[in-house]
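Asker: Sequence and predicted model, in that order:
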Amino acid sequence: MYFFHGIPQTLTLDSHAIEVRRIPKVPFFVILTETEIFVYQLHPLALISKITKSQDLLVRHGKNKKIAIGSEYGIIAVATENNFIAVYYFHLNASEPLLVPTPDTERYDDGPGEILGPIACSVQYKMAIRYDGGVSCLEVQGDSIVYSAYTAPIIQVSTLESTDPKYLWKVSSKQYDLREVTWFLDHKSLIRQLYFDRRIDTFFWMSTDGRVYANIGVSANTNTKSLFGVCIHNPKNMNDENDKKLATALSTNARFSLLYVGTSDGSVYAYEIQDFGRKYVCSHYRHAPSNLGSVTHISTASDGFQIMVGYESAWISYSPYLHPCSSSNDSEFFKYGFYDGFWDKDGCAFFGLRNPIKGENRISVEKKESLKDAQNTPNNFNFSFVQEDNYAVSNGSCCLYILPFLKSTITNSAYGTTNIIGVQSSDRLFISKAYSKYNNLAANFGSSTWIQVEYPQTYISAEWPIRYTAISKSGDYIAIAGFHGFAAYDVQSRIWNVFDNGSLEQSLTVTCPMIWHEDYLIVGLLHESNFELHIYDIRKKLDDGLVDKFAFTSTIVTISLCDDAHLLVYTADNYLHHIYIERLEDDFRSLFLSHVSSVSFVPVFTTPSRVRTITLLTLRPFLHSDPSQLLYSSILLVLINGKLVTLDPIKAGPSYLCYRCCILSEDVEFFMINEDLESPALYHSMWIMTGNGFRLSMAFGEALSKLLHDETTTNTDIPLKETEKLKPYNTRQLSFIDDLRSPSFMVKTPDNFSTTNTHIAKLTKSVNMLELFNRQSIPLSVPGTVLSVIVKSGLFVSASTLEHKTTANNMEYCHIQIDVFPFLSDLLKALLLLSDIEYAVFLVRAYASLHFIDFVLEKLLSIAAECTDSDETLLTNVAVLFNNIKDMNVYKYVLGCLRKIETHFWPNVFKHFGDAQTLMDQCLRNKDIKNAARCIIIWQVHKGSASCAEVFLQVLKTAFEGKNWEVCTELCQYLASLDPTKQLLNSALISAEIPCGQIPMVKTGKSFNELMRDIDNS
């Protein structure tokens, strides 16, 4: 989903950096060294504060070891060697500029988020906490500092009694001795790392024996015996006799409810978080090449779609379910690993620490900065590009590497869109509607088929980062939403539509992915403390473009559009609302929103923030003219965490609506439904990217309807109160209710909410459809990382990265490469293996107009021909398929296949399609001289030259008489290659009654004329 693209940069420090931490919620980060704390601003990249430990404190506290930061109360906690925790208070003041205006001052209002320039940061030393047990690691949780002992498995919680910076801070502490709990397996081991994820509200501990634990309940109000904990990663249960599976790094992914654990042998495990953090099941793992060493660091991007894994000697970025996206291991460049780092707020850059490598030189570009506060003035820092040279870095220095990335627009869109490809960076968007021509299997990213759209400078400089991107189905309109407001772009006119009224823009905060309805933009947002759904006519100025709005009682989580008139709006109070878009009869451009019905999903979804998409599927015939019945008669397709589920209404009462829950697929990263009527063969097909690969469900609506109404797949009714007794379907599924849950904060329904036509959702049936849906769907292999599917062209569009080094100064850089691959061969193969020949014939005829259909069918036959003798089902069905499309002259596909496969596979093809002589007869019968010439070569290889001499002369003479110079040249050059003296060729020309003299010059026969002149001269 993310792609390494650009020139890596470095930030060089004079001393060794121990750790780097991004300050939560704000674009700042902190670097810790043994004696200093550096506070940097990300946009613009500037050093805004530096705290150097005095000599007295250095003697008393010792050198710095660990750091933890909490932005809620402005706390910086630093653990030192002499068993102290130094506590600082930091305050960021955007109203106080850090730069003094001088003629040499560089402007910062041009880049993303740089409108304010460097701002002031004050850091105040508040107190020191001494802990005799030593401090191994620490974390900040709200107003508490949580740390582990260096001598025993003990967790200490020190809570600040007051966080007012004007007063003296005091703490109260509480201790948890893990030797008193049974779930902490090795009482001799210590806690080496603490990790707290606020969105999951869970602590994760990594012990010195290589285990990983999850803990719920660490606070000042609990005791040791009330702690709930569970061992997640246990090397002893993995037959790890040589300590190769010891945990070395960890990170969490709240959006997908995953925990990542890196090990000493270079493996990365993804554990699915179930039952509110009380159960963890290993769903995927990825083992890296052994030469990379152990995993030293794992970071997850804020949107959850990318994971950076640092090894000892390389780095690899993965998708949520560990599909590799970018890697330094496959290149001779960027060969370095990270031991600490973080993703930028928008995910378009990764900041990683690595130790200096001997033999590295840097081109430094010093920032000219005049800092205001002389007492806290930081030293100028070096910002550089990487250059290899025979030069040794001074001892003790360190550099922070900044890797630029592009990311797919799928990561911040409502859902994936077929036929549309988009990737974006911090300041621009690259979009392509579709590939109209298929010239090569790979097209450079700089191709003219891509449109480069720069974000409006006035908007991106103030409202970075871009949180949501929406591209219309036609590709004619683009919308982006940053911290406040939004902007729309017309691709045809190349004009951005932004708010002229800055106050109005600041009052709007988009809360969910936006969607397009023709040339109207539908936005869920927060407007002056009100949760509203707005619809804008973007052909007008945005200040005056509001067509209609509708107010809700809670934050809008996701919206979707069905049949161009029905909106589904899901809110954080766990209500799903059906909104109808109506047009005025006298004014076609006027739309208004009307509320139709609502369903409360409080008994179904316990964590609304984890619901990523809810789509309406109208599979049954809509018999009611009243749109209020649509929500009660249609199936809901829900993507929650990584699970794709359907909710099928099977019973409705006056105040309730009973659903049957079906889990279609697990570990879903994204999905796309083709709604392009130009692709009738695969209309309403679903393309799903899962942790086990890419899958296609053809005619998804019909297939789903058939599965849902097949009584053989339906279990008996299961009362909600007996859910816990349900036998698990597999090791990763507790029950159909638990699978819809994930750890998060509960969102309660407001008491004052009331609306007409509201029902309460209930779950009454469970359908096990995982295996069945997998059998009905088709796995497809995709090289690289999928960007989109051009259904009407039969193409996958994927991306990969290419690395380069300039010869002038040895500067390393990389760029994204777009790869285009046809998917029809794999699709037809899967259909034929299922013996669905009828649909395979339908697909071939639907895509027969593609100019690469020859390649598709030749590849299909090649795959079938190379199958083993014990499994001839595929080749037999390919022969049946070709027999049903005889009018397409299938002999040419057979000949193309024979020219591409090894000769020992030829008998398999001849068995079903006839030998070379039979294929020759078909060519001559259709007067296809070009393929007849190809067949001659196959005939000659298969049976020898003597057996085809007469046919050779016949084809050569026919080609000459028809002035097919391409075939004439090909046959003559073949004979010339057999006999350098050209006597054999001369004899053949005489036998075919072709004169060797000068032939009238024709453009298409230039090569043939030159060959004839050579024969005549000889």
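Answerer: Looks like it came in fine.
Asker: Keeping just the C-alphas, turn stretch 649-666 into PDB.
Answerer: Extracted in PDB, the C-alpha atoms of stretch 649-666 (Å, rounded to 0.1, in the frame of the first residue of the first chain):
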ATOM      1  CA  PRO A 649     -32.400  -9.300   7.300                       C
ATOM      2  CA  ILE A 650     -34.600 -12.400   7.800                       C
ATOM      3  CA  LYS A 651     -37.300 -11.100  10.100                       C
ATOM      4  CA  ALA A 652     -38.700  -7.700  10.900                       C
ATOM      5  CA  GLY A 653     -41.000  -6.700  13.700                       C
ATOM      6  CA  PRO A 654     -42.500  -3.400  14.800                       C
ATOM      7  CA  SER A 655     -39.400  -2.400  16.700                       C
ATOM      8  CA  TYR A 656     -36.700  -4.900  15.800                       C
ATOM      9  CA  LEU A 657     -34.900  -6.300  12.800                       C
ATOM     10  CA  CYS A 658     -33.400  -9.800  13.000                       C
ATOM     11  CA  TYR A 659     -30.200 -10.400  11.000                       C
ATOM     12  CA  ARG A 660     -28.300 -13.500  10.000                       C
ATOM     13  CA  CYS A 661     -24.600 -12.900  10.300                       C
ATOM     14  CA  CYS A 662     -22.200 -14.500   7.700                       C
ATOM     15  CA  ILE A 663     -18.500 -14.100   7.800                       C
ATOM     16  CA  LEU A 664     -17.300 -14.200   4.100                       C
ATOM     17  CA  SER A 665     -13.600 -13.500   4.500                       C
ATOM     18  CA  GLU A 666     -11.000 -12.800   7.200                       C
END
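Asker: Of all the residues in that stretch, which ones are buried?
Answerer: Buried positions in stretch 649-666, judged by neighbour count with 16 or more other CB atoms under 10 Å: 649, 657-666. All C-beta spots, glycine's among them, are computed from the backbone N, C-alpha and C.
Asker: Closest one of these to L953?
Answerer: Closest approach to L953 among the buried residues of stretch 649-666 (CB to CB): S665, at 60.6 Å.
Asker: picking up where we left off before, among the buried residues of stretch 649-666, pick out the one closest to V295, please.
Answerer: When the buried residues of stretch 649-666 are compared for distance to V295 (CB to CB), E666 wins out at 24.7 Å.
Asker: how much space between the residue lying closest to the closest one once chain neighbours are set aside and I688?
Answerer: Distance criterion CB to CB, 6 or more residues apart in numbering; nearest residue to E666, sequence neighbours excluded, is K643 at 5.6 Å. Relative to I688, K643 is positioned 12 Å away (CB to CB, to the nearest Å).
Asker: Could you tell me which residues touch both of these two?
Answerer: Counting by CB atoms under 8 Å, 6 or more residues apart in numbering, the common neighbours of K643 and I688 are 665, 668.
Asker: Not counting sequence-adjacent ones, nearest residue to K900?
Answerer: S862 is the one closest to K900 (CB to CB, 6+ apart), at 5.7 Å.
Asker: that older thread, which one of the buried residues of stretch 649-666 is nearest H912?
Answerer: S665 (36.3 Å).
Asker: Looks like the closest one contacts G693 (just checking).
Answerer: No - with contact defined as CB atoms under 8 Å, S665 does not count as touching G693 (11.3 Å).
Asker: quick one: I75 and G784, what's the gap?
Answerer: Using CB to CB, I75 is found at 43 Å from G784.
Asker: Which residue comes closest to L696 once chain neighbours are left out?
Answerer: Nearest residue to L696, sequence neighbours excluded (CB to CB, 6+ apart): I778, at 4.7 Å.
Asker: List the contacts of the one you found.
Answerer: Contacts of I778 by CB under 8 Å, 6+ apart are 695-698, 826-827, 830-831.
Asker: By pLDDT, give me the weakest of the residues you listed.
Answerer: When the contacts of I778 are compared by pLDDT, M698 scores lowest at 79.
Asker: so how many other residues sit close to G266?
Answerer: Per other CB atoms under 10 Å, the neighbour tally for G266 reads 24.
Asker: again with E332
Answerer: 9.
Asker: residues touching it, list them.
Answerer: Contact analysis of E332 by CB under 8 Å, 6+ apart lists E803.
Asker: any idea of the pLDDT on it?
Answerer: 70.
Asker: if I look at it, how far off is M811?
Answerer: E332 is 14 Å from M811, by CB to CB.
Asker: likewise I67?
Answerer: In terms of CB to CB, I67 sits 33 Å off from M811.
Asker: Those two: which is more packed in?
Answerer: Each of I67 and M811 has its neighbours counted (other CB under 10 Å); I67 has more, 21 against 16.
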